[in-house]
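In: What shape does this take:
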Amino acid sequence: MESRTEPAEAEPDPAAAIRRPSPHSTATRPPLVRELLLVVGLFVVYKVGRQLADGHTAEAFRNANRVWDWERTLHLPGEGSVQGALLHSDTLVHLANTYYATVHFPATVAFLVWMYLRRPVHYVWARRVLAAVTAAALALHLTFPLAPPRLLAAAGLVDTGQVYGPTVYGAHPATDEMANQFAAMPSLHFGWALMVAIGLIAATRSRLRWLWLLHPLLTLLVIVGTANHYWLDAIVATALLGIALAVIRLPRGAVATEAHGLVTADEAYEKADGQAGNSGGAGGAGEKESVPELVGARR
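Out: Numbers count the residues shown, from 1 in each chain. Down below sits the predicted model:
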C-alpha cells in the first residue's frame with residue numbers, strides 16, 4: 001500500500017492579521033510637520049484673501065438685497081422664524097452665539113487631528129476636500145461680497161451677537177480689522193461642519209455614526225438664527241462640498257482597510273477562537289489541529 005501525505009493548507013488567522021500593522025495606518029500618514037505647515041499656510045492664505053474682499057460695502061448690500069429677493073422667490077422659509085424661536089430665551093440665544101463663536105474652528109481641528117492619528121487615508125482625503133471647498137469659498141467671497149442678514153434692514157433681524165453676546169465681529173463692519181463681515185456666501189461654518197459629519201461617517205462603522213449629522217444641523221440653525229447667514233449661504237456651501245466630494249474621491253478600499261482599526265485585539269482573538277471551535281465541531285471530534293490530508297492513498 002502506497003500513501004503520500006501532505007499537510008493541509010493552514011487556515012488564515014484573523015487575530016494575526018489584526019496584529020500586523022496595516023500599511024494604510026503607517027505608510028500613508030503624511031509627515032506631521034509638513035501637515036502642520038500646510039494647514040496653517042492654507043488658513044493664513046484664506047484669512048488674507050478674505051481681507052482682500054473687504055471694503056465693497058455698497059456692492060455687498062446690493063447683493064444682500066438680491067439674495068433676500070431670491071429666497072422669497074424660491075419660497076424659502078424666513079430666517080426670522082428660526083431667530084424668533086431663539087429670542088424666546090436669553091439663555092438660548094446666548095448659547096447659540098457661543099456655539100457660533102467657539103465651535104467652528106475647534107471642531108474642525110479636532111476632526112483633522114483624530115483623522116490624522118486614527119484614519120490617515122481618510123485624513124488626506126478630508127484635508128483635500130476641505131482645502132478645495134475653502135478655496136472655492138474664497139473665490140466667491142472675492143467675486144460676490146455679501147452682507148449678512150443681521151446687517152440688512154429689509155430682513156428686520158436682530159444682531160444677536162451685538163445685543164446678547166458673545167460676538168466675533170466688530171460693531172462697525174466697515175472698520176472691522178479682525179474679520180470681513182461681507183463674506184457671508186458661502187457659509188464655511190456650515191460647509192466645514194457638514195464635511196466633519198461626512199468624514200466621520202465614512203471613517204467609522206458604528207451604528208450611531210449617523211448622529212454626527214446633528215453637528216451640521218445644529219450649525220445650520222445657529223448661523224441662521226443668529227442672522228449671520230442666509231439659507232442660500234448654506235445651500236451654496238452644500239453644492240460646493242458636493243462638487244468637491246465628486247472630484248476628490250476616497251481611495252478605493254480605504255474603508256475596508258482602516259476599519260480594522262476599530263476591532264480590538266480581544267475581539268479579533270475571540271473571533272479566531274470561535275472559528276476554530278466551529279471548524280472542530282463540524283468534524284465531530286472538536287479538535288483544533290488540522291489532520292494531514294491523504295492524497296492518492298491506495299489500499
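
In: The helix or strand where N65 lies packs against which elements?
Out: Using DSSP states H and E, N65 maps to helix 57-73. Judged by 3 or more CB pairs under 8 Å, 6 or more residues apart in numbering; DSSP states H and E, the packing partners of helix 57-73 are helix 231-247. From N, CA and C alone the C-beta is placed, and that goes for glycine too.

In: any idea how far L218 is from the residue positioned nearest the centre of the chain?
Out: What sits nearest the mean C-alpha location of the chain, by CA atoms, centre = their mean, is V196, with 1.4 Å. Distance of V196 to L218, given as CB to CB, to the nearest Å: 12 Å.

In: repeat for L208
Out: 16 Å.

In: Who has more neighbours out of these two?
Out: Counted by other CB atoms under 10 Å, L208 and L218 do not tie: L218 has more neighbours, with 14 against 7.

In: about what we covered before: how about the helix holding N65: buried residues?
Out: 60-61, 63-64, 67-68, 71 (16 or more other CB atoms under 10 Å).

In: Could you tell me the angle between it and helix 231-247?
Out: On the basis of axes from the mean of the first three to the mean of the last three CA atoms, to 10 degrees, helix 57-73 is oriented at 90 degrees to helix 231-247.

In: quick one: average pLDDT of helix 57-73?
Out: Helix 57-73 carries an average pLDDT of 94.

In: ok, and what's touching that helix?
Out: 144-149, 151-152, 154-155, 173-174, 182, 184-185, 230-232 (CB atoms under 8 Å, 6 or more residues apart in numbering).

In: quick revisit: go through the buried residues of helix 57-73 and name the one nearest L240.
Out: Of all the buried residues of helix 57-73, L240 sits closest to V67, with 16.1 Å by CB to CB.

In: which helices and strands does the helix or strand hosting Y46 pack with?
Out: Per DSSP H and E: Y46 is located in helix 32-52. Packing partners of helix 32-52 (3+ CB pairs under 8 Å, 6+ apart): helix 104-118, helix 120-143.
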